[in-house]
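Q: Sequence below, structure please.
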Amino acid sequence: MKNVGLLGAAGSVGRHALKYLSKIGEYNIYAFGHNEQTVKDDSFFDNLPNVQWTFGDMLQKELLIEFIKGKDIILNAMFCPEDVRELIVKACENNGIPCVDTGNFTSDSYKLPTNSLFIYGAGALPGLSAIIGTYAARNFKEVKEYVHISSMYGLFSRGAAYDYLEGVSKDVLEKKAPTEIRKDVNIPFVGVNDLRQYHDLETELVSRVVGCKESCHYIAFGDTDIQKIVEHSVLIFPDKPKEAVEQLMLQSQISFSRWKEHMAFLVEVSGVDKNDENKVQSTVVKFTSSPALTGISAGIVCELALKENSVKGSYSLSQLPETILYEKYIDGIVQRIRSSPEMIMFEEYDLKLDDLNTETFGEI
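A: Numbers count the residues shown, from 1 in each chain. Here you go, the predicted model:
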């Protein structure tokens, strides 16, 4: 069996990747965690086969390099400084080992690998959202309108808070986003919320792949109070990143309600299908939480990278639809998402999103 090394295996994201890969039963999994007692006291980690634990300071470079040796792939699911992430990626490349990272790689000074396979941003948003969005338009010959809503509600981990704030703070300060705010929208299978339009490299890529320049991408946080905290944290992040991250984490814990937790993508596509008929189709994918979907997504990418022998180089998961890997693995990716125990729904409707609530639940 192949040997999978998982860094940050006890974290909010890493644990879901660990469970996903363990339940497959095809790999020897070497899990690196920070605190042994935490794992022993948490029933989540009970009955996971083929898992061997290592505990220690994951920021100690010697320990990391030693852990990487002898593995067939490394999945990094921990929040760590950029120089540590670079060390992990470089050690994998030096040993000819493919590497998967749940975070975005933003360093301009580091040259990403070209002689081994490195897939970063392997989580839900950005990442899997681009794949779901492209998949939703697969049966259209011409896309005339494209709307993508990402909705999330739950606890912000330190890594998730940092990645999100870093990703959007520059555009917000330069007034590039949001360009539109839609108040009190009744989102199917999610509820009433405010939608904020956003633009980034992922939305540009999806628009390009589906062939719709006027596509609209929105994000909702499942709670107006959290949205206000997010907006304030974004503004102070460039000058006080640590304070902004801690504020967002704390406020998400204060306002957290387990029954509302979710991660969802809702995609509406209108255009001409392959039979030259005008058509509208909405795709709804909903998971129990953002960490669950991110961890499972990373696990799926690990499977992909272990199978792939011909492609080398560095790619974000968002880029997958523009590579030869997409057609090769998309059916398997969707099948694994559909079969996940953390999935609430994966449905397609011949309706606009605005009509879904009425058709699904009836008028009151």
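Q: per-residue confidence for residue 168?
A: On the pLDDT scale, residue 168 is placed at 68.
Q: Report the central residue of the chain.
A: In the chain, the C-alpha nearest the mean C-alpha coordinate belongs to residue 124, at 1.6 Å (CA atoms, centre = their mean).
Q: check contacts around it.
A: Applying CB atoms under 8 Å, 6 or more residues apart in numbering to residue 124 gives the contacts 263, 287, 290, 293, 294, 297. For every residue, glycine as well, the C-beta is placed using N, CA and C.
Q: now residue 50
A: Residue 50 makes contact with 1, 22, 25, 27, 28, 29 under the criterion CB under 8 Å, 6+ apart.
Q: farthest pair in these?
A: Farthest pair in the contacts of residue 50 (CB to CB) is 1 and 22. Separation: 11.9 Å.
Q: Same drill for these two, tell me which one is more crowded.
A: residue 22 (22 against 10; other CB atoms under 10 Å).
Q: what's the closest non-adjacent residue to the more buried one?
A: residue 48 (4.3 Å; CB to CB, 6 or more residues apart in numbering).
Q: what's the spacing between the one you found and residue 10?
A: Separation of residue 48 from residue 10 (CB to CB, to the nearest Å) stands at 12 Å.
Q: residue ranges with poor pLDDT in the stretch 251-364 of the chain?
A: Applying pLDDT under 70 to the stretch 251-364 of the chain flags residues 359-364.
Q: mind checking how far residue 341 is from residue 27?
A: Distance, residue 341 to residue 27, by CB to CB: 18 Å.
Q: the more surrounded of those two?
A: Taking neighbours as other CB under 10 Å, residue 341 and residue 27 compare with residue 27 leading, 21 against 10.
Q: That one and residue 5 touch, don't they?
A: No - Residue 27 lies out of contact with residue 5 (CB atoms under 8 Å); the separation is 10.3 Å.
Q: shared neighbours of these two, anything?
A: Common neighbours of residue 27 and residue 5 (CB under 8 Å, 6+ apart) do not exist.
Q: helices or strands up against the longest strand anywhere in the chain?
A: Ranked by residue count under DSSP state E, the longest strand found in the chain is strand 140-153. If you count contacts as 3 or more CB pairs under 8 Å, 6 or more residues apart in numbering; DSSP states H and E, strand 140-153 packs onto helix 128-136, helix 201-210, strand 216-220, strand 262-273.
Q: in it, what counts as buried?
A: Using 16 or more other CB atoms under 10 Å as the test for burial, strand 140-153 gives 140, 143, 146, 147, 148, 149, 150, 151, 152, 153.
Q: Can you check what pLDDT the model gives the fifth one?
A: In the prediction, the pLDDT value recorded for residue 148 is 96.
Q: Hmm, it is touching residue 131, no?
A: No - using CB under 8 Å, residue 148 makes no contact with residue 131, being 11.8 Å away.
Q: how about the strands in the stretch 1-150 of the chain?
A: Using DSSP state E, counting those that start in this stretch, the strands of the stretch 1-150 of the chain run over 2-7, 27-33, 51-55, 73-76, 99-101, 117-120, 140-153.
Q: dump the residue contacts of the residue lying closest to residue 146 once chain neighbours are set aside.
A: Once flanking residues are discounted, residue 146 sits nearest to residue 215: 3.8 Å by CB to CB, 6+ apart. Residue 215 makes contacts with 143, 145, 146, 147, 148, 203, 206, 207, as judged by CB under 8 Å, 6+ apart.
Q: Check residue 315 too.
A: Residue 315 neighbours (CB under 8 Å, 6+ apart): 118, 119, 120, 323, 325.
Q: Going by neighbour count, which of these comes out on top?
A: residue 119 (27 neighbours).
Q: how close does it get to residue 99?
A: 8 Å.
Q: Overlap of the contact sets of those two?
A: With contacts taken as CB under 8 Å, 6+ apart, the residues that reach both residue 119 and residue 99 are residue 305.
Q: Mind splitting this protein into its structural domains?
A: 2-122+291-338, 128-289+343-361 (automatic domain parsing).
Q: Residue 29 touches residue 45, doesn't it?
A: No - with contact defined as CB under 8 Å, residue 29 does not reach residue 45; the gap is 11.7 Å.
Q: Give the residues shared as contacts by these two.
A: With CB under 8 Å, 6+ apart, residue 29 and residue 45 have common neighbours 18, 51.
Q: of the two, who's got more company?
A: Each of residue 29 and residue 45 has its neighbours counted (other CB under 10 Å); residue 29 has more, 24 against 20.
Q: Tell me who's in contact with that one.
A: Residue 29 makes contacts with 4, 6, 18, 21, 22, 50, 51, 52, as judged by CB under 8 Å, 6+ apart.
Q: Tell me where the stretch 151-300 of the chain has strands.
A: Assigned by DSSP E, counting those that start in this stretch, the stretch 151-300 of the chain shows strands spanning 181-187, 191-197, 216-220, 262-273, 278-287.
Q: What lies in contact with the third one?
A: Outside of strand 216-220, the residues that reach it under the criterion CB under 8 Å, 6+ apart are 146-152, 180, 182, 185, 187, 190, 193-199, 203, 206.
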